[in-house]
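Participant: attaching a predicted model along with its sequence, questions to come.
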Amino acid sequence: MMRARHMAFPVTPERAEAWLACMSAALEEIGVDEPLRSFVIQRLSGPAHHFVNTESSTND
Ligand code: HEM
């Protein structure tokens, strides 16, 4: 299960958002244009937030 694979790492809400921002930048870099890019990010937002396993940290 993908969430379990992430349990060894502290994933905060901010880190989930950072992951999504990196993915969006990567999609842009390889030429995935709107509206497809937003659609892909929207579909990945669910799992990214599902993997959150740690409260917000002031270090993020
Ligand atoms: C939809 C969102 C995400 C997807 C599809 C995804 C996918 C994956 C996959 C396929 C792996 C490899 C798992 C394995 O080895 O069995 C992985 C590992 C990992 N993910 Fe994610 N991930 C997501 C979100 C995140 C987020 C939000 C974080 C934290 C910021 C994160 C941090 C990591 C780390 C630290 C690893 C381990 C890397 C390593 O083995 O060196 N992931 N992820």
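Facilitator: That came through fine.

Participant: who's sitting farthest from the centroid in the chain?
Facilitator: Farthest-out residue of the chain from its mean C-alpha position, per C-alpha atoms, centre = their mean: residue 31, at 19.2 Å.

Participant: can you tell me the SS state at that residue?
Facilitator: coil (DSSP: H, G, I helix; E, B strand; the rest coil).

Participant: could you check how far it is from the ligand?
Facilitator: From residue 31 over to the ligand the distance is 21 Å, taken as C-beta to the nearest ligand atom, to the nearest Å. (Glycine included, C-beta is placed from N, CA and C.)

Participant: and if you look at residue 57?
Facilitator: With C-beta to the nearest ligand atom as the criterion, residue 57 and the ligand are 12 Å apart.

Participant: isn't that residue up against residue 11?
Facilitator: No - using C-beta atoms under 8 Å, residue 57 is not in contact with residue 11; the gap is 10.5 Å.

Participant: the two: which is more packed in?
Facilitator: Legend: neighbour count by other C-beta atoms under 10 Å for residue 57 and residue 11, higher for residue 11 (18 against 11).
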